[in-house]
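> Following is a predicted model, sequence given first.
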Amino acid sequence: MDESHISRLLTLPDRSFFLFGPRGVGKSTWLRRVLPEVPRIDLLDSSLYLELSREPSRLEALAGNLPEQSLVVVDEIQKVPELLNEVHRLMEARRWRFALCGSSARKLRWGGINLLGGRAVTRHLEGFSWAELQGSFDLGVATQWGSLPLVHLDPHNAADILNAYVSTYLKEEIREEGIVRSLPPFLRFLQIAGLLNGQLVNGQNIATEAGVPRSTVDTYFSILEDTLLGHFLPAYRPRLKVREQTRPKFFWFDCGVARAAAGLLFDPVDRVWQGYALETLIYHELRVHNHTQAKNRSLCFYRTADGAEIDFIIETRKRQAEARAHVVCLEVKSAQKWNRQWERTMRSVSEDGRLHVDRMIGVYNGPRAYHFEGVDVLPVADFLTALHAGEVF
Ligand SMILES: Nc1ncnc2c1ncn2[C@@H]1O[C@H](COP(=O)(O)OP(=O)(O)OP(=O)(O)O)[C@@H](O)[C@H]1O
Ligand SMILES: [Mg+2]
């Protein structure tokens, strides 16, 4: 047994599945753990890659003579999207099941490839979660450097590891794949996107700053999304008729990777950055819980007409003809002391009555938990305990 191995929350589906996740979050390691005896086709192996690109039908012979219901792992499936047709055929002809792993949905989707028409479910893996690390979780390290496995295992070298992470990403995902025509504007964009982690996205401003057309900014963001490095958090729109245009916020999947993209690895981070880093971490934990517990709730932020915000809104029940939508409101503050002003927007949404507010929660860095008439104010660790115990949603 490997002493440093950390068990993951993800459980093995009982049917074929895609496993998506950003680079380096532990996908291959998890597959090797949970499926140790299963034939594995690893497309990182360049000779295998060449062979299967030329002749996808070799997959059957490479997997071996397996009985029905056998599982076959294909790692880095995005490298040869054409293999999916063969996978599809083998699911039907041989009744095999597949575990298909990749760090990008880009080519699979954009190639117009059939995603197996519902024959496979989708699972997600992210950096380590608080619930996986338990006693070895360190909030300071997690907000400074994020929670990639390699960073967690060697926090003293976090800056160098993250620097290499972004360089490798640029080399392997961007340059070698020929995704962007020219690298310099993408590099400028990457830094800007790093700096605005957790903030509202103004595509026009970013275009001006990066010196590229507005449409190129959209393409660049879609590259970050498709390679799972970042997510747009939309503004919550409970009433479908009202078309107020509120821009989404952009969050990197990991605070450390955001910092690397921003070019701030070797600088001390300021308080504003710390605030966004804590939100990034909370969002990460919300996504992990949402995925691993198959909650499938939409996560949003809330913005009132006069610009006041609630950091996260989790819709726990959709609006129906006769019932208001139900939501949980979260206000996240990187502060040692809780200021009761921070409850105001959550309370006004709750009193306004258009939404049914299940719970209002403040999350902060201080040591004590409080209950102020309907609002739970929780230290980060208490909140994460409640979240992973299923008490938040
Ligand atoms: N559960 C774990 N416990 C301890 N270390 C881990 C764990 N998962 C991954 N690691 C370490 O993190 C590194 C990256 O893991 P892995 O190669 O599995 O990631 P990946 O998601 O497959 O990345 P890629 O997309 O680049 O293939 C490895 O060196 C591995 O040893
Ligand atoms: Mg891998």
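Thanks, I have it. Ligands and ions are numbered 1, 2, ... in the order given.
> Just the local confidence number for the residue positioned nearest the centre of the chain, please.
Geometric centre of the chain, nearest residue: Phe253, 4.7 Å, by Cα atoms, centre = their mean. Listed pLDDT for Phe253 reads 98.
> can you check Glu244 too?
For Glu244, pLDDT reads 57.
> Output the below-cut-off pLDDT ranges for the stretch 1-150 of the chain.
1, 107, 109-115 (pLDDT under 70).
> Go again with 50.
Scanning the stretch 1-150 of the chain for pLDDT under 50 picks out 111-112.
> Get me the contact residues on it for ligand 2.
Counting by Cβ under 5 Å from the ion, the residues of the stretch 1-150 of the chain close to ligand 2 are 27-28. All C-beta atoms are positioned from the backbone trio N, CA, C, and that covers glycine.
> who in the stretch 1-150 of the chain is up against ligand 1?
Proximity of the stretch 1-150 of the chain to ligand 1 (Cβ under 6 Å from any ligand atom) is limited to residues 4-6, 8, 21, 23-29, 103, 149-150.
> hang on, isn't the residue nearest to the centre of the chain packed against Glu126?
Yes - under the criterion of Cβ atoms under 8 Å, Phe253 makes contact with Glu126 at 6.1 Å.
> Could you tell me which residues touch both of the two?
22, 284 (Cβ atoms under 8 Å, 6 or more residues apart in numbering).
> which residues touch the residue in the stretch 1-150 of the chain positioned nearest to ligand 2?
Going by Cβ to the ion, ligand 2 is nearest to Ser28 of the stretch 1-150 of the chain, at 3.2 Å. Contact analysis of Ser28 by Cβ under 8 Å, 6+ apart lists 42, 75, 101.
> For ChimeraX, write a command that selects the buried ones of those.
The buried subset of the contacts of Ser28, as determined by 16 or more other Cβ atoms under 10 Å, is captured in ChimeraX by this line:
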select :75,101
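> The residue of the stretch 151-300 of the chain found nearest ligand 2: neighbouring residues, count only.
The nearest approach of the stretch 151-300 of the chain to ligand 2 comes at Glu172, 11.7 Å away (Cβ to the ion). Neighbours of Glu172 under the rule other Cβ atoms under 10 Å: 12.
> ok, now the one 10 residues further on?
Residues within reach of Ser182, counting by other Cβ under 10 Å, total 8.
> And what about the closest residue in space to Glu60 that isn't next to it in sequence, helix, strand or coil?
Closest residue to Glu60 apart from its sequence neighbours, by Cβ to Cβ, 6 or more residues apart in numbering: Leu90 at 5.9 Å. When classified by DSSP: H, G, I helix; E, B strand; the rest coil, Leu90 comes out as helix.
> you'd agree Leu90 is up against Arg97?
No - under the criterion of Cβ under 8 Å, Leu90 makes no contact with Arg97, lying 9.6 Å away.
> which residues are common contacts for these two?
Shared contacts of Leu90 and Arg97, counting by Cβ under 8 Å, 6+ apart, come down to Val72.
> Spatially nearest residue to whichever residue of the stretch 151-300 of the chain sits closest to ligand 1, not counting backbone neighbours?
Nearest to ligand 1 in the stretch 151-300 of the chain, going by Cβ to the nearest ligand atom, is Leu153, at a distance of 5.8 Å. The shortest distance from Leu153 to any non-neighbouring residue, by Cβ to Cβ, 6+ apart, is to Ser4 (6.1 Å).
> ok so, going back, cross the residues of the stretch 1-150 of the chain next to ligand 1 against helices and list the overlap.
Among those, the subset assigned to helices under DSSP state H consists of 27-29, 149-150.
> among the residues you listed, who's most crowded?
Lys27 (24 neighbours).
> what about Asn163, which helix or strand?
helix 158-168 (DSSP states H and E).
> What segments of the stretch 151-300 of the chain are strands?
Counting by DSSP state E, counting those that start in this stretch, the stretch 151-300 of the chain has strands at residues 199-200, 230-233, 249-252, 299-303.
> And these: which comes nearest Gln341?
Nearest to Gln341, of all the strands of the stretch 151-300 of the chain, is strand 299-303, at 16.5 Å by Cβ to Cβ.
> So what touches that closest one?
By Cβ under 8 Å, 6+ apart, strand 299-303 touches 233-236, 246, 249, 283, 286-287, 290, 309-315, 329, 345, 349.
> how about the contacts of Ser28 in a markdown table, adding distance to Gly366?
Shown next, in a markdown table, are the contacts of Ser28 (distance: Cβ to Cβ, whole Å):
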| residue | distance to Gly366 |
| --- | --- |
| Asp42 | 47 |
| Asp75 | 44 |
| Cys101 | 40 |
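> Just the ones of the contacts of Ser28 in strands?
Counting by DSSP state E, the contacts of Ser28 place 42, 75, 101 in strands.
> picking that back up, write a ChimeraX command that selects only the buried members of the contacts of strand 299-303.
Listed next is the ChimeraX selection for buried residues among the contacts of strand 299-303, using 16+ other Cβ under 10 Å:
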select :233,235,236,246,249,283,286,287,290,310,311,312,313,314,315,329,345,349
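> Return the subset of the contacts of strand 299-303 lying in helices.
Counting by DSSP H, the contacts of strand 299-303 contribute 283, 286-287, 290, 345, 349 to helices.
> Dump those residues into CSV; add distance to Ala120 and pLDDT as well.
Listed next are these as CSV, based on distance: Cβ to Cβ, whole Å; pLDDT from 0 to 100:
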residue, distance to Ala120, pLDDT
Tyr283, 27, 98
Leu286, 25, 98
Arg287, 21, 98
Asn290, 20, 97
Thr345, 41, 97
Val349, 39, 94
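> Can I get those in TSV including distance to ligand 2?
Formatted as TSV, the ones in helices among the contacts of strand 299-303 follow (distance: Cβ to the ion, whole Å):
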residue	distance to ligand 2
Tyr283	24
Leu286	25
Arg287	20
Asn290	23
Thr345	42
Val349	42
